[in-house]
Each structure stands twice: as C-alpha cells, then as structure tokens.
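Trainee: Any chance you can model this:
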Amino acid sequence: MTPQQTVEAFIGHWNSGDMDAMYALCADTIVWHNIPMEPVEGMAAFRAAIEGFNGNVAGCDWQIHAIAANGNSVLTERTDGFTFTDGRRAAIRVMGTFELDAEGRIAAWRDYFDMLEFQREFAGG
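Mentor: Okay, the predicted model is just below:
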C-alpha cells in the first residue's frame with residue numbers, strides 16, 4: 001500500500017471497529033500525540049490509551065475531507081465523529097499528520113484540534 005492508502009485503511013478500520021487490523025498497520029514503537037495532551041509512546045501504551053478512550057464509544061464515523069501525501073508523510077483534514085454507548089454523539093474537527101516507517105507502518109500520528117471544542121463535545125450528557 002502507499003502511505004495514503006495505509007492511512008485511509010487505518011481510518012477505515014477505526015470506523016469499522018476492527019482494532020486488530022488497525023493496530024497491524026502501526027509500528028511497535030508508534031508515538032501518538034494529540035497535541036494538546038501528552039504523547040503516548042509504544043504499542044502497549046497506544047493500545048491502552050485507545051481502549052480507555054473508546055471505553056464508552058459504540059461507534060466511530062471519521063470523515064476525511066482532504067488528504068495529501070509527501071513521501072512517507074500523510075496529512076489529513078477530518079471530522080472525527082463518535083457515538084457513545086448512551087446514544088450521545090460528538091464530533092471534533094481535526095488536522096492529522098501520519099508518518100510511516102521504512103516498512104510502511106504508521107510510526108507517528110499527531111492530531112491537532114481545539115481543546116475547548118473537544119471538552120464541549122466530550123463533556124458527557
């Protein structure tokens with residue numbers, strides 16, 4: 001797969017809930033950094049962070065509005081939508097950067113978003 005196809009597949013697996021397929025696209029040394037927060041480093045921490053974040057998420061609908069690739073870097077403009085187990089919905093606008101390693105796996109993932117929008121959307125019902 002090209003770097004862009006890898007990122008599109010990654011988001012597709014997230015949306016379908018196939019987390020094992022999503023993790024398989026990532027390097028064991030992945031660094032996930034939601035820029036307003038502290039980075040998460042390594043596969044074990046990455047899995048734990050995602051499992052914690054998705055604990056009350058029933059489904060995801062991440063929409064890619066624009067995507068661009070330059071070498072092993074892929075930039076996305078997205079709206080990440082979530083449906084919670086209690087039926088609530090939330091969405092946040094995101095700019096994401098993915099960097100792939102020499103084996104074509106995602107080694108770094110950085111998302112940039114407005115923390116106030118995040119807090120408003122994910123405040124709970």
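Trainee: if you average pLDDT over the top helix by length along the chain, what comes out?
Mentor: Secondary structure of the chain per DSSP state H: the longest helix is helix 3-16. For helix 3-16, mean pLDDT is 97.
Trainee: immediately after that helix, which helix or strand?
Mentor: Next along the chain after helix 3-16, taking DSSP states H and E as the criterion, comes helix 19-24.
Trainee: and Gly59, bridged to which residues?
Mentor: Thr83 (DSSP bridges).
Trainee: That one contacts Ser16, correct?
Mentor: No - counting by CB atoms under 8 Å, Ser16 is not a contact partner of Gly59; they are 9.3 Å apart. To be clear about C-beta, it is placed using only N, CA and C from the backbone, and glycine gets the same treatment.
Trainee: quick revisit: restricting to C-alpha, output the longest helix of the chain in PDB.
Mentor: C-alpha atoms of helix 3-16 as PDB (Å, rounded to 0.1, in the frame of the first residue of the first chain):
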ATOM      1  CA  PRO A   3       1.300   5.800   2.600                       C
ATOM      2  CA  GLN A   4      -2.000   7.400   1.700                       C
ATOM      3  CA  GLN A   5      -3.700   4.000   1.300                       C
ATOM      4  CA  THR A   6      -2.300   2.900   4.700                       C
ATOM      5  CA  VAL A   7      -3.800   5.900   6.400                       C
ATOM      6  CA  GLU A   8      -7.100   5.500   4.600                       C
ATOM      7  CA  ALA A   9      -7.200   1.800   5.700                       C
ATOM      8  CA  PHE A  10      -6.200   2.800   9.300                       C
ATOM      9  CA  ILE A  11      -9.200   5.200   9.500                       C
ATOM     10  CA  GLY A  12     -11.400   2.600   7.800                       C
ATOM     11  CA  HIS A  13     -10.500   0.000  10.400                       C
ATOM     12  CA  TRP A  14     -11.100   2.500  13.200                       C
ATOM     13  CA  ASN A  15     -14.600   3.300  11.700                       C
ATOM     14  CA  SER A  16     -15.500  -0.400  11.300                       C
END
